[in-house]
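Participant: need a structure here:
(2 chains, ligands or ions: 4)
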Amino acid sequence: MPDAPTALEPVPPDGDLPARISAILDRRHALVAPVRAELEWWQRVDAQLTALAAAVAVLRDHPSTSAELRAELAAFGLDGRVDDARSGVAEATRLLRVLSARFARGTITVGVSGKARVGKSTLLQSISGLDDEQIPTGKGLPVTAVRSRIRHSETAERATLSLHTFETFAADVLAPHHAQLGLPGLPTSLEEFARWRYPAPSAPGEQSGDPAAPPSHATLLKRLRDMQAALPSYAGDLVGGERELHLDELRPYVAYPTNAELGDASGVSRRYLAVRDLRIETRFPHNRVQRLAVVDLPGLGEVAVGADAHHVEGLQNEVDVVLLVKRAMGDEAYWGEADARALDLLDIARGFVAKRDFVVLVLNQGGVEEAMATTLRDDVTREVNMGEPDRFFQVVETDAADPADVHRRVLAPVLDHLAARLPAMDAEVLAATRAQTQAVVDRIDVLVGDLSRALATVRAATGSAAEDLDRRARRLRQDVAAGLQELVARLREQARDAAEDPEYVATVERAYLATREWITGGLGVGEEAWRDEGLRRMRVDSFSGGYAGEELNRVRVEISDSFERIDGFFTERVEKLWTDVARVLGTELGTLLGDPETDVGEGGTGTGHDALDRFADLLDAAQPPCPRLRRAVRTLRGIRLDYRSQLHPRVRSELDGLALELPDPQTGQLRTQITVAATAAGAEELYRFVLRMAEQAAYLTQKALLREAVTPALVLHAAAEQFEDTVIRSGESEVEFRRLADAYKNDIWPGVYREMDAANARFTAVTRARDLLVATLGARKEDMP
Amino acid sequence: MIPTNQAPAAAASAAAAGEDGRLVYRIGMVGPSRVGKTSLITALLHDGQRLLEGTPISMKAVGTATQKRLSQHRRELDGSLLAGEFDAGALGGSQDQFTFHLLLDTGIPGTGIELQLLDYPGGWLDPHTRPAGVDAQWEECERFLEQCSVLVVPVDAAVLMEATTASHLRAVPTVLGTPQVTDVVRSWLKRRNERPDEPALLLLCPVKCESYFDDNGGRRDQSATLLQWVRKVYRQVIELVPNEAPDVRSMRVVYAPVDTIGCVEILRADWLPEPDEPGALTFVAHYGVRPPGERSVKGTEDIMIALCRQLVSGRQKVEEREAGLRREQADTAQTFAERDEGFFRNIWYLVSGERRLRADAARSSREEAIQAAERARALTGIVESLARRAHSDRVHQW
Ligand SMILES: Nc1nc2c(ncn2[C@@H]2O[C@H](COP(=O)(O)OP(=O)(O)OP(=O)(O)O)[C@@H](O)[C@H]2O)c(=O)[nH]1
Ligand SMILES: Nc1nc2c(ncn2[C@@H]2O[C@H](COP(=O)(O)OP(=O)(O)OP(=O)(O)O)[C@@H](O)[C@H]2O)c(=O)[nH]1
Ligand SMILES: [Mg+2]
Ligand SMILES: [Mg+2]
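Facilitator: Residues are numbered from 1 along each chain as shown, chains lettered A, B, ... in the order given. Ligands and ions are numbered 1, 2, ... in the order given. I've put the predicted structure just below:
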């Protein structure tokens, strides 16, 4: 916040008045931006304070919040203190708005106040050079119906009406009347208002003669019915927005109906009801101060609800000085109760400006008998200034209808006063606002400090979430280890007595029987066909070796292929291993791999390898990833067990007998196993031979496979052991389990961390809101030394 | 012929030992039904003849009964070989107890070595499968088995080698009758321990080995595996030897696999569930005949070598004792021989028979007598040379 003394330097006393005024206004202008910045800052504070309060309330009221923390927060007394702080912020904001309006005005603005009919409008006519068409005056009845701000302009000559919509009209005008009268409901549309049934007016009762006295029921009701009755006259104006008018057209919008108009049988026009306010630009005669504006207001004591408040409001943000006009009326020439009350209202409107600087009493002595003028002057001196002229308030006298007199005796001294006093006035306002806002800041500081202390006592409790995860990750690893070790032990058992695997034995035996069937069924072609073909070929070849050799080769390949049947068993076994491992993992990993009971294995929709693949992907996707575990899973998934690649090479030699020529084991020399004559008998002999060799080869293959039963079991055991070893005992195991736990804690322990996270989030929301506010508060101190 | 210079009692004893006073060498066999006992005996004869080709000694079946049995067995076997394929059940099993008499013949009456081999239906071994009414015969068999200094345990190699699954392995002891075999071996050993000076020979003879050796037409050598299996399955039997006959210093345990047929090869083996006994399996091996289907006995030579070695060592012992005894008391040898009913007495007869032949030859200058003495010497020479022969690679000694 700008420092008052430096911000508002004193106007050079020797400068002429317009220059001094101009300098003052320029300096004010320079302060607009910082004040607005501070306003924004306060709005931010308000928003952050609200957010903090909301976050604290959520944390405090959540059932999962620890009793300890809840007690802390309850003891902290959140609601009352935040409300208190926020009202402080609201007040600071209001003050800054006043300040901002004051500095942003761009004109020296003079307002008038005083009871109705005292010549306020007359006075302003004299200043502005406007006449009754723009600033209505009149005798007898109150005249000025709307607030007008009239600004001097060397060039422009225009009037701008700001109009109500029905809604703003209902809210600003009808609602206070209804409230005051205790009438239920409020019209929501023009039509509704037009049809609204108001009670019949009773005879006006004990209406007080005092204009400042609150209006009676009957009078209020009559006003309301008058508005309703006159609705057609202004309904068309309730369009909102602004309307620019020629200065000559203004009167119907700004003045109350005259006595003559009120008597008009064709209805009374009350177009002023549609007007929120009026701005006029015109050239002030005899004016040396360029940036000058005056504000005309309806007189005090106007019989309208909220009129006084409006009066204050209109002055508060708009004017630098108020001319409180007092005129001797009829046989009254004294400072009465109503005048005192008017002064009280101005006391509210002045804000931080000193009374003496804000209010100048103007005794309008025009057309007043000298005796009465004297009486009034003396009474004012006595009542207002305790008998000492100008002691508390400056008092000037003038003939409001005489522009020259007004200039000489009112405007010039007032402007002179302002030129001298405005810098000090502004400084006072600034300093006072600063003190007030600082008090609010201090209050918020205390609030935040207390809240931080309350939070600090329970921080340890929420910090344990990380420890909990550590502990759970460790246990997860142990449990996975136990599960895998059990599985490995089972597989080791199977590998040890591989011959006991009846499924494998049965599978091999089935494959063997099928192979034998193929052989004894005629080597795939039938005995007769085989022999016929054999005979034909041997006759063509004129020896048996060609056909015999080819057939032995063919049979060898067939038998070898035939045993591929057992691959189904291997596939099942490997899949079972994957499923078993996936089960072990799945049991410990919550819902990460899906439901271990329904998703994996028999009856489940997924398969072990699907689950492992998913697991590998998840390990990869974790942030940071778990490459070692992932590789272990991929390796496990990579194991292959099939007849062709694993067993065939080991049993291949059993098929060696299926060849026409065999090396003599003793000499190494090739020996033809059989030669037959190219006859039917020879063909039969050859058939018997091939059959026998085939049978033997199939038998030997089966036998070898049964002996190799240990191989599949060993492979599975080795794969599982390797997996277990890597997963549990590799150097990265512990770290990667922690990562895994961290990345997928909500899947592994569903609910646990979601809740813990949510609780943390609630806590963090509070600390974050607190931190934001603290940062904002800190920024203010930095920006404004 | 009754030796004139012998006491009647001694002569009677000698007569009991062998016709014409020739050396009788008793060989016992213990094995279940279908293991190949009978086949092994016929193989011994078959191969013995081959072994002695070109020597003055021949091997022949003694007596019509033995000749009948042998030719019947041969016919059956030849039939099987001709068919090209056979199951182990093809040959009818032995129906009764029968002692085969095989003579290492010098051509001279009263000389030679007679091998007496007791054959009996393997089913008698097990009380469960022993038919009613053969108790007396079985007791005779047992007595024979206890007396003989050589005990042959034929082992069905196929049962060992074709057992692949756990259920097969569980069935092996039953199929091979190892508990019964062990019992017989145990009592044999106990008796051997009563005569600790007498050489004793336990022969473990795997038969049906053709598919597991590559030295007799087979393609693959799995002999090491076979030895392992025999060791494993007959461990108890082998371990009995030091336990039951610790005093028999010249006890020898010889592992000598035999192909009694040779030209066959296992095609497949079935382990058929025994309908009455759950879990029990019957082993049936199917054999194919290797062309051209000529019997090729292998391994009996090793049995002969083992037998000859035992004979030689027995003879040495007898001669040593005789030498010691002769200095003191001429008749003591006779007494000793009479007292001793076993192997030594047989050897003593052999030795004294030879001596007698030599004395006869010296006394008369007859061509006959000289020839007889030479033949006797030839037999001794052959036995000694066989005993000196190295065992084949198949053999293993414990
Ligand atoms: N001669 C004379 N008449 C005056 C003077 N001041 C006011 N009047 C008259 O007093 C009456 C009321 O004056 P306005 O200026 O309308 O009074 P007001 O204070 O504006 O009244 P509201 O707008 O009703 O509050 C008019 O008829 C004026 O002509 C004055 O100084 N001299
Ligand atoms: N392949 C093969 N078969 C053999 C061999 N020795 C015997 N056999 C077969 O085995 C079966 C039984 O042989 P045997 O000699 O009768 O057996 P065993 O022990 O006398 O049987 P029992 O008289 O019932 O006690 C027969 O079918 C023989 O052909 C051999 O060395 N090789
Ligand atoms: Mg007026
Ligand atoms: Mg038999």
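
Participant: in the stretch 1-150 of chain B, what residue comes closest to ligand 3?
Facilitator: Evaluated by C-beta to the ion, the stretch 1-150 of chain B has B:D87 as its residue closest to ligand 3, separated by 140.8 Å. In short, each C-beta sits where N, CA and C put it, glycine included.

Participant: what is the burial count for that residue?
Facilitator: B:D87 has 14 neighbouring residues, counting by other C-beta atoms under 10 Å in any protein chain shown.

Participant: residues in contact with it?
Facilitator: Listed by C-beta atoms under 8 Å, 6 or more residues apart in numbering or on different chains, the contact set of B:D87 reads B:284-287.

Participant: please convert the residues you listed to TSV, extending it with secondary structure.
Facilitator: As requested, these are exported to TSV (DSSP: H, G, I helix; E, B strand; the rest coil):
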residue	secondary structure
B:V284	strand
B:A285	strand
B:H286	strand
B:Y287	strand
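
Participant: neighbour-wise, which one of those leads?
Facilitator: Within the contacts of B:D87, neighbour counts (other C-beta under 10 Å) peak at B:Y287, which reaches 27 neighbours.

Participant: leaving out sequence neighbours, find the closest residue to it.
Facilitator: Once flanking residues are discounted, B:Y287 sits nearest to B:V264: 4.3 Å by C-beta to C-beta, 6 or more residues apart in numbering or on different chains.

Participant: so B:E384 sits against B:V312, correct?
Facilitator: Yes. Taking C-beta atoms under 8 Å as the definition, B:E384 is a contact partner of B:V312 at 5.8 Å.

Participant: which one's more surrounded, the two?
Facilitator: Relative neighbour count places B:V312 above the other of B:E384 and B:V312, with 19 against 15, counting by other C-beta under 10 Å.

Participant: so the more buried one: helix, strand or coil?
Facilitator: The three-state label given to B:V312 by three-state DSSP is helix.

Participant: skip the chain neighbours and tell me the closest residue to it.
Facilitator: The shortest distance from B:V312 to any non-neighbouring residue, by C-beta to C-beta, 6+ apart, is to B:A387 (4.2 Å).

Participant: contacts only, for that neighbour.
Facilitator: Taking C-beta under 8 Å, 6+ apart, we find B:A387 in contact with B:305, B:308-309, B:311-312.

Participant: what segments of chain B are helices?
Facilitator: B:8-17, B:37-51, B:64-83, B:135-147, B:157-161, B:166-176, B:178-194, B:223-233, B:235-244, B:300-328, B:332-339, B:343-363, B:367-388 (DSSP state H).

Participant: residue of the stretch 1-150 of chain B nearest ligand 1, please.
Facilitator: Nearest to ligand 1 in the stretch 1-150 of chain B, going by C-beta to the nearest ligand atom, is B:D87, at a distance of 140.8 Å.

Participant: distance check, that residue against B:E76.
Facilitator: Between B:D87 and B:E76 the computed distance is 13 Å (C-beta to C-beta, to the nearest Å).

Participant: again with B:S250
Facilitator: From B:S250 to B:E76 the distance is 38 Å (C-beta to C-beta).

Participant: so A:D339 sits in a helix?
Facilitator: Yes. The assignment for A:D339 is a helix, going by three-state DSSP.

Participant: okay, now the residue in the stretch 251-398 of chain B positioned nearest to ligand 2: neighbour count?
Facilitator: Closest to ligand 2 within the stretch 251-398 of chain B is B:T260: 3.6 Å, counting by C-beta to the nearest ligand atom. As a burial measure, B:T260 scores 29 neighbours (other C-beta under 10 Å).
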